[in-house]
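A.B. asks: My questions concern the predicted model and sequence given below.
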Amino acid sequence: YSFGSTLSSCLDDLCPQTSRAIKPSKPQPWLKNDTLRELRSKLRAAERKWQKKQNQTDLKNYQLLLASFSASLTAAKAEFYHKKISSLTDSRKLFATFKTLLNPPPPPQATCLTAEALASFFTGKVAAISSQFTDATCSSPTSCSAARYPSTEGVAFSSFAPLTENETLALLTRSRPTTCPLDPIPSDLLQTIAPAIISAITHTINASLTSGVFPTAFKQAQVTPLLKKPSLNPAQVDNYRPVSLLPFLSKTLERAALNQVSGFLTQNDLLDQNQSGFKKGHSTETALLSVTEALKTARAAGQSSVLILLDLSAAFDTVNHDFLLTILSNMGISDNALSWFRSYLTGRSFRVSWQGRLSPAHSLSTGVPQGSVLGPLLFSIYTTSLGRVIHSHGFSYHCFADDTQLYLSFSPDDHSISARISQCLSDISAWMKEHHLQLNLSKTGHTSKTFYSTQLCHKPSTLSLSLTDKDC
C-alpha cells in the first residue's frame, strides 16, 4: 500500500543499508569471574600439554582441572540466576528467565521440509475438518436451533466513531512494538516518529472505519512454523504449529475497532461471563480458581463432582464466517459496522516463511485471524451459546479461550448421573457440528471417562462414557 511503501522508501533514503562485520558474541555474564577465568586458563593449558605429550599424569591433571572448572561454573551460574530471579519485579521478565532455564534451545530447522509443504499441511488440516460439515450440518446459521445467542432489542451498533489524532497517537504509543516482516519500518521507530505522521495514520484508520472496508494490505499474514515441543521430530510437518504475524498498523486499526465494539457488548451484557480468556482482569488463574473453588465447596457439602475438559482441534481456524456474521447481527452489530467485520474476515491470505524462503500465498475461507487483536473476541462471541447448552443439563462451566471445563456436583447416591453426562456430551457434540467446530477426541475422550469423587475418603469410581468420531 502507498502509505507503507512511502514509509519504507523514506527509511531507505535516511538509513541506507550498509555491511557490518559481525562482532563476536559477548561472554555469558556468569563467566565474568576472575576465579573462573584463571581456572579456564589453567584448564586449556593442561589440555594442550596432555594433547602434546599424551602422558597419563598430564591426562589425570587435566581431568581434575576439568572437574573443578565444571563444578565452579555450575555454582557461578546458579548464583547468577539466584540473584537475578530474586531482584526481578517485572513478571514478564521473570517468566522469560524461567523459560530460558526450563526450555532447551529449539533444534535446527529440518532441511527436508519446505515452506510450501508446511503451508499445504496447515491449509489441508483446516480443509479436512471443514469438509466434514459440508453436508452433515445445516446450510445456514438461521436454521440451526442451537444458535440461540443473546440479542438486543432496539439497541444497535451501526457504525464506528472516527478517531481523533490524540486517540490514534495513544493507541500507537501504548501498544507493544511487535514488528513483523510485513511492516514497512520497525514498529518502535514508527512509535518514535508517530507525532510527525499521526495525521496520515489517523486518516487511514478513519477511512477504513467509516467506509466499512478493511484494507487489503492488512489482510496478509506471514506464518512462522514453531515446533510444538523440543522433543518432537522436526522432520514431521504435523509437529509444527503456525505462528501468524500481522502488520503493526493492522493491529492498531483492530484496536480502534475493538475498543468501540467491546464497549457496546459489555454495556449490553452480551459477552459470556464465564469466559476468562482475552478479558481484562481475567487470566488462567481466574479460570482455575472458579472451577477449583466450586469443587471444594461441593466437597465441603458432602457432594461428589465430575469434571470434563473439552479440547478443540484448530478451533480459531474453522470458524464459519456466515455463522459469525449472523451472530454479530443478532447481537446488534449492523449496517456499516457489520460490513466492516465482513470485510475484515474475508479475502485473507498467508505465506509461510521457512529457511529464508516464502511459500506462495494461500487463501483463507474460514476462521478468525490468528495473532490478531479482534480474533479472540470474535471467537468468544462465536461460542457464547455453548454455555446455554451446558446450563440446560444443570452443569456449570468455565472457559479460557477454546478450552472449556464443565462440572457437575451431585449426591453420591445419584445413579442417574451417567445418563445425564452422556446426554450433555451428546448435545455439546451436536452444537459443535452446527458451528463447524471439532472436538479433539484424543484429549476430550480421555479426560471425560473418569469420575472423581471430591470426598478424599472415597475411592474414585469409573463412568462408562465415550465420544466417537460419529458423535463429533
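C.D. replies: Now that the structure is in, tell me what you want to look at.

A.B. asks: can you pull out the strands in the chain?
C.D. replies: Taking DSSP state E as the test, the strands found in the chain are 220-227, 240-245, 304-310, 348-354, 357-358, 362-364, 396-400, 403-410.

A.B. asks: mind checking which of the ones you listed is nearest N336?
C.D. replies: Nearest to N336 among the strands of the chain is strand 348-354; the distance by C-beta to C-beta comes to 20.4 Å. All C-beta atoms are positioned from the backbone trio N, CA, C, and that covers glycine.

A.B. asks: And that closest one, what's buried?
C.D. replies: Residues of strand 348-354 classed as buried by neighbour count (16 or more other C-beta atoms under 10 Å): R348, F350, R351, V352, S353, W354.

A.B. asks: which of the residues you listed sit farthest apart?
C.D. replies: Of all pairs drawn from these, the greatest distance, 20.0 Å, lies between R348 and W354 (C-beta to C-beta).

A.B. asks: related to what we said a few turns ago, ok, which of the strands of the chain comes nearest E285?
C.D. replies: So among the strands of the chain, strand 396-400 is nearest, using C-beta to C-beta, at 10.0 Å.

A.B. asks: so the closest one versus strand 304-310, what angle?
C.D. replies: Counting by axes from the mean of the first three to the mean of the last three C-alpha atoms, to 10 degrees, strand 396-400 lies at 30 degrees to strand 304-310.

A.B. asks: Now do strand 396-400 against strand 403-410, angle only.
C.D. replies: 160 degrees.

A.B. asks: For strand 396-400, the averaged confidence score.
C.D. replies: For strand 396-400, the per-residue pLDDT values average out at 91.

A.B. asks: now it: how far from the chain's centre is it?
C.D. replies: On the basis of C-alpha atoms, centre = their mean, to the nearest Å, strand 396-400 sits 18 Å off its chain's mean C-alpha point.

A.B. asks: Show me what that strand is packed up against.
C.D. replies: helix 284-300, helix 386-391, strand 403-410 (3 or more C-beta pairs under 8 Å, 6 or more residues apart in numbering; DSSP states H and E).

A.B. asks: what are the C-alpha coordinates of that strand, in PDB please?
C.D. replies: Coordinates of the C-alpha atoms in strand 396-400 are reproduced here as PDB (Å, rounded to 0.1, in the frame of the first residue of the first chain):
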ATOM      1  CA  SER A 396     -21.700 -25.400  35.500                       C
ATOM      2  CA  TYR A 397     -18.700 -24.400  33.200                       C
ATOM      3  CA  HIS A 398     -15.800 -22.100  32.800                       C
ATOM      4  CA  CYS A 399     -13.800 -21.300  29.600                       C
ATOM      5  CA  PHE A 400     -10.400 -20.000  28.800                       C
END
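
A.B. asks: gap between the spatially most central residue of the chain and T178?
C.D. replies: Central residue of the chain (C-alpha atoms, centre = their mean): G371, 6.9 Å from the mean position. Between G371 and T178 the computed distance is 9 Å (C-beta to C-beta, to the nearest Å).

A.B. asks: S411 now?
C.D. replies: 52 Å.

A.B. asks: Same question for P195.
C.D. replies: Taken as C-beta to C-beta, the span from P195 to T178 is 21 Å.

A.B. asks: Extract the residue ranges of this structure that are flagged as low pLDDT.
C.D. replies: Applying pLDDT under 70 to the chain flags the ranges 1, 104, 106, 134-153, 442-472.

A.B. asks: Leaving out chain neighbours, which residue sits closest to T123?
C.D. replies: H362 (5.0 Å; C-beta to C-beta, 6 or more residues apart in numbering).

A.B. asks: how is this protein carved up into domains?
C.D. replies: 30-72, 115-133+146-446 (the TED database).

A.B. asks: so which of those gets nearest S86?
C.D. replies: Closest among the domains of the chain, using C-beta to C-beta: domain 30-72, at 15.1 Å.

A.B. asks: Quick check: closest non-adjacent residue to Q220.
C.D. replies: S349 (5.7 Å).

A.B. asks: Let me see the contact set for that neighbour.
C.D. replies: S349 makes contact with K219, Q220, A221, A361, H362, S363, L364, according to C-beta atoms under 8 Å, 6 or more residues apart in numbering.

A.B. asks: Looking at those, spot the one nearest K77.
C.D. replies: The nearest one, if we look at the contacts of S349 relative to K77 and count by C-beta to C-beta, is A221, at 39.1 Å.

A.B. asks: What's opposite the closest residue to that closest one other than its chain neighbours in the beta bridge?
C.D. replies: Excluding its sequence neighbours, the residue lying closest to A221 (C-beta to C-beta, 6+ apart) is F350, at 4.2 Å. Counting by DSSP bridges, F350 is bridged to A221, H362.

A.B. asks: wait, what's in contact with F350?
C.D. replies: A119, Q220, A221, Q222, V223, P242, S244, A361, H362, L364.

A.B. asks: What distance do you get for the second one to V319?
C.D. replies: In other words, Q220. Shown here: Q220 relative to V319, a distance of 19 Å by C-beta to C-beta.

A.B. asks: can you check the last one too?
C.D. replies: When C-beta to C-beta is the yardstick, L364 and V319 sit 11 Å from each other.

A.B. asks: P16 now?
C.D. replies: 44 Å.

A.B. asks: How about Q51?
C.D. replies: From Q51 across to V319, the span is 63 Å (C-beta to C-beta).

A.B. asks: Only the buried members of the contacts of F350: can you turn that into a ChimeraX selection?
C.D. replies: Filtering those down to the buried ones (16+ other C-beta under 10 Å) takes a single ChimeraX command:
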select :119,220,221,222,223,242,244,362,364
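
A.B. asks: can you list the contacts of F350 in a markdown table and add distance to K26?
C.D. replies: Shown next, in a markdown table, are the contacts of F350 (distance: C-beta to C-beta, whole Å):
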| residue | distance to K26 |
| --- | --- |
| A119 | 37 |
| Q220 | 37 |
| A221 | 34 |
| Q222 | 30 |
| V223 | 32 |
| P242 | 33 |
| S244 | 33 |
| A361 | 40 |
| H362 | 40 |
| L364 | 42 |
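
A.B. asks: Give me the phi and psi angles of S392.
C.D. replies: Main-chain dihedrals, S392, degrees, to the nearest 10: phi -60, psi -20.

A.B. asks: what's around the closest residue to it other than its chain neighbours, how many residues?
C.D. replies: Among residues not flanking S392 along the chain, D427 sits closest, at 7.4 Å (C-beta to C-beta, 6+ apart). Other residues lying near D427 total 15 when counted by other C-beta atoms under 10 Å.

A.B. asks: gap between D427 and H393?
C.D. replies: The value you get for D427 to H393, if C-beta to C-beta is used, is 7 Å.

A.B. asks: Same question for A46.
C.D. replies: In terms of C-beta to C-beta, A46 sits 73 Å off from H393.

A.B. asks: Nothing else from me, thank you.
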